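**Student:** got a predicted structure plus its sequence, pasted below:
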Amino acid sequence: MISPSPIKRRFRPRDLLLPAMIAAPALIAALSVPAHAQMNGQAQQAIQKACGADIQKLCAGVQPGGGRIVQCMKAHEAQVSEGCKSTMAALKAQRAQ
């Protein structure tokens, strides 16, 4: 018994349209993540260096995560050191650009 041969279809450029529409945003996102992650890591290092002592002193009992440290620092804004305040302002200005 002879099996039926599959029907051969001619290639059309529009056949690539849907895969390209799916792949392009994924590729852009994948390429942009390392730069964002690096900037985020640099910002975290700057905050830790400038605000680490303030966080330990003012927010020692606060469990990290969910923005709890940030909320604690905002609640104690008047007691935060000048170095921490200036670093936070500089990072905020960088993000705005």
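**Tutor:** The structure has been received and is ready for your questions.
**Student:** name the helix or strand for Gln42, please.
**Tutor:** helix 17-58 (DSSP states H and E).
**Student:** list the contacts of the following helix or strand past that helix.
**Tutor:** Toward the C-terminal end, the helix or strand that comes next after helix 17-58 (DSSP H and E) is helix 68-75. Residues from elsewhere that reach helix 68-75, judged by CB atoms under 8 Å, 6 or more residues apart in numbering: 51, 54-55, 58-59, 62, 80. In this view, the C-beta of every residue, glycine as well, is placed from N, C-alpha and C.
**Student:** between these, which sits nearest Ala90?
**Tutor:** Cys51 (12.2 Å; CB to CB).
**Student:** where's the closest one relative to Glu77, distance?
**Tutor:** The gap separating Cys51 from Glu77 is 12 Å, by CB to CB, to the nearest Å.
**Student:** next one: Gln97
**Tutor:** For Gln97, the distance to Glu77 equals 24 Å [CB to CB].
**Student:** okay, those two: which has more neighbours?
**Tutor:** Higher neighbour count among Gln97 and Glu77: Glu77, with 11 against 4, using other CB atoms under 10 Å.
**Student:** distance check, the more buried one against Gln42.
**Tutor:** 23 Å.
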